[in-house]
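# No sequence on hand, only this structure:
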């Protein structure tokens with residue numbers, strides 16, 4: 001299991017990235033990652049690529065539907081070549097309100113649209129690499145114009161493409177068209193094994209699917225600390241993040257599997273209320289049993305052993321979820337403990 005470090009400072013500032021990326025590489029992390037929350041992951045990873053030589057670069061995630069396949073193909077090609085072939089492009093759909101109301105872009109049929117997005121992007125990369133005529137015609141995207149002036153060089157193979165999925169349809173799409181799957185942290189061991197893995201395998205059974213085994217990346221919640229104070233702060237932060245995800249109707253399927261769909265309904269109701277304390281109140285609804293469904297807790301050594309026992313037979317990479325791993329020293333300690341647990 002490879003271990004990646006998220007390049008996320010409290011402010012998300014680009015000025016922090018270079019030092020964090022250098023430290024990640026010198027500390028032995030296998031890769032660095034960034035998620036599209038307060039900044040563009042490709043900006044962060046471009047800075048990281050310029051100050052490192054070894055670590056992989058992963059977007060987990062970049063919002064596909066906020067862009068066109070051509071836009072992301074251009075950015076992905078540039079960063080893949082600049083980094084010497086170290087990019088893995090992890091895509092996510094986001095949810096309808098964000099695509100329509102935050103990005104002012106089109107939302108429709110997310111799983112078929114995502115499958116076509118990936119196919120279109122790969123058609124563009126193929127045209128650039130081979131000189132073949134670009135002639136992609138789909139239901140959502142059409143790319144039929146490419147001239148030498150706008151054709152970048154292709155010094156390295158196209159980057160791997162991973163998809164983020166929670167629901168069975170998007171997960172099946174990942175199996176059918178992508179190089180792997182980005183597991184959402186709002187998942188449980190039971191959901192992974194009863195819903196996610198069967199859907200991924202179903203997609204891989206398609207005649208058009210890649211033949212290699214899919215990469216599976218986890219960013220599961222961990223709450224860890226060296227002191228009781230650190231542990232309590234970590235668990236409180238993780239409870240609040242679980243509550244935030246649980247308030248999203250699109251993720252209700254995970255709670256429904258465990259027979260606690262009513263918790264999601266209450267979280268959604270609170271998230272839409274005018275209460276000033278709604279976010280803390282939502283976190284308070286995540287009791288110890290629900291916390292244990294979504295997160296592993298304990299010292300770095302204990303958390304690493306528990307995480308490996310939970311998903312070590314499935315995932316190929318683990319990106320540290322720093323919601324509950326709150327300091328650089330704890331992140332390094334967890335990464336080292338994960339490697340040591342693999343050796344025993």
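Arrived safely, thanks for sending. Keep in mind the model is a prediction, meaning the values are calculated, not measured.
# Tell me who's in contact with residue 264.
Residues in contact with residue 264, defined by C-beta atoms under 8 Å, 6 or more residues apart in numbering, are 246-247, 249, 251-252, 255-256. All C-beta atoms are positioned from the backbone trio N, CA, C, and that covers glycine.
# Neighbour count added to those residues, as CSV?
Output for these, formatted as CSV (neighbours: other C-beta atoms under 10 Å):
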residue, neighbour count
246, 27
247, 23
249, 13
251, 19
252, 19
255, 22
256, 13
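# Now, those that are in helices?
Counting by DSSP state H, the contacts of residue 264 place 246, 252, 255-256 in helices.
# Okay, now the unreliable bits of this protein?
Residues of the chain meeting the criterion pLDDT under 70: 10, 342-344.
# Do you have the strands of the stretch 51-200 of the chain handy? List them.
Assigned by DSSP state E, counting those that start in this stretch, the stretch 51-200 of the chain shows strands spanning 56-63, 87-92, 136-137, 142-143, 160-165, 180-183.
# Let's have these in TSV, adding distance to residue 6 and mean neighbour count.
What follows is the strands of the stretch 51-200 of the chain, written out as TSV (distance: least, C-beta to C-beta, whole Å; neighbours: other C-beta atoms under 10 Å):
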stretch	distance to residue 6	mean neighbour count
strand 56-63	8	25
strand 87-92	12	27
strand 136-137	33	14
strand 142-143	32	16
strand 160-165	15	26
strand 180-183	13	26
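# Generate CSV for those, with distance to residue 287 as supplementary columns.
Listed next are the strands of the stretch 51-200 of the chain as CSV, based on distance: least, C-beta to C-beta, whole Å:
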stretch, distance to residue 287
strand 56-63, 29
strand 87-92, 29
strand 136-137, 50
strand 142-143, 50
strand 160-165, 27
strand 180-183, 23
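# List just the nearest of the ones in helices among the contacts of residue 264 to residue 119.
residue 252 (29.5 Å; C-beta to C-beta).
# That closest one and residue 168, how far apart?
Distance, residue 252 to residue 168, using C-beta to C-beta, to the nearest Å: 13 Å.
# And residue 300, by the same measure?
Distance from residue 300 to residue 168, by C-beta to C-beta: 34 Å.
# residues contacting the residue nearest to the spatial centre of the chain?
Nearest to the mean C-alpha position of the chain, counting by C-alpha atoms, centre = their mean, stands residue 60 at 3.3 Å. By C-beta under 8 Å, 6+ apart, the contact list for residue 60 reads 6, 33-35, 41, 90, 162, 164, 182, 217, 219, 319.
# any idea how far residue 204 is from the closest residue in space to residue 31 that isn't next to it in sequence?
In this structure, residue 31 finds its nearest non-sequential neighbour in residue 56, 3.4 Å apart by C-beta to C-beta, 6 or more residues apart in numbering. From residue 56 over to residue 204 the distance is 23 Å, taken as C-beta to C-beta.
# Check residue 332 too.
35 Å.
# which residues touch residue 93?
63-65, 99, 110, 113-114, 164, 170.
# re earlier: which one of the strands of the stretch 51-200 of the chain lies closest to residue 194?
Closest among these, once you apply C-beta to C-beta, is strand 180-183, at 13.9 Å.
# Please name every helix or strand in contact with that closest one.
Strand 180-183 is packed against strand 160-165, helix 168-177, strand 215-218, with contacts defined by 3 or more C-beta pairs under 8 Å, 6 or more residues apart in numbering; DSSP states H and E.
# which stretches of the stretch 201-344 of the chain form strands?
215-218, 221-223, 295-297, 317-319.
# would TSV of these with mean neighbour count and distance to residue 239 be doable?
Converted to TSV, the strands of the stretch 201-344 of the chain look like this (neighbours: other C-beta atoms under 10 Å; distance: least, C-beta to C-beta, whole Å):
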stretch	mean neighbour count	distance to residue 239
strand 215-218	22	19
strand 221-223	26	9
strand 295-297	24	9
strand 317-319	26	20
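# Tabulate those strands (JSON lines), appending distance to residue 158.
Below are the strands of the stretch 201-344 of the chain laid out as JSON lines (distance: least, C-beta to C-beta, whole Å):
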{"stretch": "strand 215-218", "distance to residue 158": "15"}
{"stretch": "strand 221-223", "distance to residue 158": "32"}
{"stretch": "strand 295-297", "distance to residue 158": "35"}
{"stretch": "strand 317-319", "distance to residue 158": "19"}
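# More neighbours: which of residue 300 and residue 168?
Neighbour tally, residue 300 and residue 168, criterion other C-beta atoms under 10 Å: the higher count belongs to residue 300, 22 against 17.
# The more buried one reaches residue 329, doesn't it?
No. With contact defined as C-beta atoms under 8 Å, residue 300 does not reach residue 329; the gap is 9.4 Å.
# before we move on, back to that, for residue 286, find the nearest of the strands of the stretch 51-200 of the chain.
Comparison of these against residue 286 by C-beta to C-beta identifies strand 180-183 as nearest, at 19.5 Å.
# ok, what's across the strand from residue 3?
residue 318 (DSSP bridges).
# That one contacts residue 29, correct?
Yes. Contact criterion C-beta under 8 Å: residue 3 and residue 29 qualify, at 5.9 Å.
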